[in-house]
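Asker: 3D model of this:
(one chain, ligands or ions: 1)
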Amino acid sequence: MGFSDETVETVRALYPSLADGHAYLDGAAGTQTPQPVIDAISDAYRRGLGNVGGVFPASERSTAIVAACRAAIADLVGGLPNGVILGPNMTTLTYRLARVLTGPGDEVVVSRLDHDANVRPWTQTGARVRWAEADPVTGELPVEQYAELIGPGTRLVALTAASNTLGTRPDVAAICEIAHAAGALTFVDGVHATAHGPVDMHALGADFYATSAYKWSGPHIGAVVADPVALESLHPDKLLPSPDTVPERFELGTAALADLAGVTAAVEHLADLVPGTGSRRARLVASMTAAEEHELALFAAMMSGLETMPHVTVYGKPARRTATAFFTVAGTTPQQVAEHLAGRGVNVWSGNMYAWELTGALGVRDSGGAVRAGLVHYNDRSDVERLLEGVAELRSTRPGRT
Ligand SMILES: Cc1ncc(COP(=O)(O)O)c(C=O)c1O
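Answerer: Residues are numbered from 1 along each chain as shown. Alright, predicted model coming up:
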């Protein structure tokens, strides 16, 4: 199924920034913003905002914006609105929750596949740490090791729903099942995964599911979604006068209210990528399934192009993945590759992608990392072609190459 050419054009036309002609292959670091999201944010300011919980219309609008945002994120990930904790980004929220969920004496299991934002918050609380290893050749996170790593002393297992570097989608459901059987909690980093396909946090077995709207066409807002009943038993540090209700007691200070309106618009945008009927949740699942197919079809062309270039080394070959490639080019540093591509209007990242442990295990972290080129729903064939042309040039343009 995927997207028809017409759908791709319609979707792309909604993104004003794509008109600059660049191939935006940097979506894993943050997506572009469609007009309805820009409009929702400016409309919120234009109509007038007040702080939440007041008795006048501007405050009531803000209260409604927050409620709508929680409902939208709940639909996106298959959670409940009053289990949606909002914050500036995933890293901040994860540090906050790590201090509520774990402490000295607890045992936590983290993985070397993860972005550092789902590692360091757990290893810096004084908890005992056990490491799940990623296979540096395949890029997989083998499930079997978790039976050894998780035991009766395990308080929490932190793992990613998809690697922001290799794209690996580990078998999260199987790992969470092992964790739950031992009475441990699971904290699943969905920051990369959410942008690339439908999400059902319950099917994954995530007690906590983290996501960031700026990875899926929204503004810079993060969220962690959990069972509101489970949140009732947790008591984070907070100001005395601020609400003690769930989920509000997990949120510090005043929210970026207009941006929250943008988050809701981003979810609506994702739900409308392909025409559909039914609830927003049903339309999201259909749209994101089509988006994933679209991305993976383009990705197959991107990978076969990269893999046939003798001067390119591609890292990882996981069985289930997002459309995210990580590669190096012989004789050219990752930074030089990014600069060369930028000169041709192709936006990619180079470096360690904050996947500190993984890039260490791959042996590239201390030599400038590698290049990441990723696809999201608004990318098209020409983006892939331009990447491949740009990388191919690096073979022939350098002196002394054969
Ligand atoms: C997989 C993954 N996890 C966590 C993060 C951190 O997210 P945030 O920027 O919202 O703190 C990122 C950001 O790139 C990411 O890709």
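Asker: what does this structure have sitting close to the ligand?
Answerer: By the rule Cβ under 6 Å from any ligand atom, the part of the chain lying against the ligand is 89-91, 115, 117-118, 160, 164, 189, 191-192, 212, 222. For every residue, glycine as well, the C-beta is placed using N, CA and C.
Asker: tell me which of those is nearest to residue 375?
Answerer: In terms of Cβ to Cβ, no member of the residues of the chain next to the ligand lies closer to residue 375 than residue 192, at 12.4 Å.
Asker: got a list of what the closest residue to that closest one other than its chain neighbours touches?
Answerer: Leaving aside its sequence neighbours, residue 192 sits nearest to residue 164 (Cβ to Cβ, 6 or more residues apart in numbering; 4.0 Å). Residue 164 makes contacts with 28, 115, 191, 192, 324, 353, 354, 355, as judged by Cβ atoms under 8 Å, 6 or more residues apart in numbering.
Asker: What distance do you get for residue 164 to residue 189?
Answerer: Per Cβ to Cβ, to the nearest Å, residue 164 is found 9 Å from residue 189.
Asker: Between the two, which contacts overlap?
Answerer: Taking Cβ under 8 Å, 6+ apart as the criterion, residue 164 and residue 189 both touch residue 115.
Asker: show me where pLDDT drops low in the stretch 101-250 of the chain?
Answerer: By pLDDT under 70, the stretch 101-250 of the chain has no low-scoring segment.
Asker: so where do the helices sit in it?
Answerer: Secondary structure of the stretch 101-250 of the chain, counting by DSSP state H, counting those that start in this stretch: helices at 120-123, 145-149, 172-181, 201-204, 228-232.
Asker: With respect to burial, which of those scores highest?
Answerer: Ranked by mean neighbour count, the helices of the stretch 101-250 of the chain are led by helix 120-123 with a mean of 22 (mean count of other Cβ atoms under 10 Å).
Asker: so what does it touch, helix or strand wise?
Answerer: Packed against helix 120-123, as judged by 3 or more Cβ pairs under 8 Å, 6 or more residues apart in numbering; DSSP states H and E, are the following elements: helix 90-101, strand 107-111.
Asker: Would you mind writing the CA trace of that helix as PDB?
Answerer: C-alpha atoms of helix 120-123 as PDB (Å, rounded to 0.1, in the frame of the first residue of the first chain):
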ATOM      1  CA  ARG A 120      22.500   8.000  31.700                       C
ATOM      2  CA  PRO A 121      19.300   9.000  33.600                       C
ATOM      3  CA  TRP A 122      19.200   5.400  34.800                       C
ATOM      4  CA  THR A 123      22.900   4.900  35.500                       C
END
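Asker: what's in contact with it?
Answerer: Against helix 120-123 from outside (Cβ under 8 Å, 6+ apart): 91, 94, 95, 97, 98, 102, 108, 110, 129, 156, 158, 187.
Asker: TSV for those, including distance to residue 331 and neighbour count?
Answerer: Formatted as TSV, those follow (distance: Cβ to Cβ, whole Å; neighbours: other Cβ atoms under 10 Å):
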residue	distance to residue 331	neighbour count
91	35	20
94	38	27
95	40	16
97	44	24
98	42	22
102	45	23
108	41	24
110	35	26
129	38	15
156	44	23
158	38	28
187	41	26
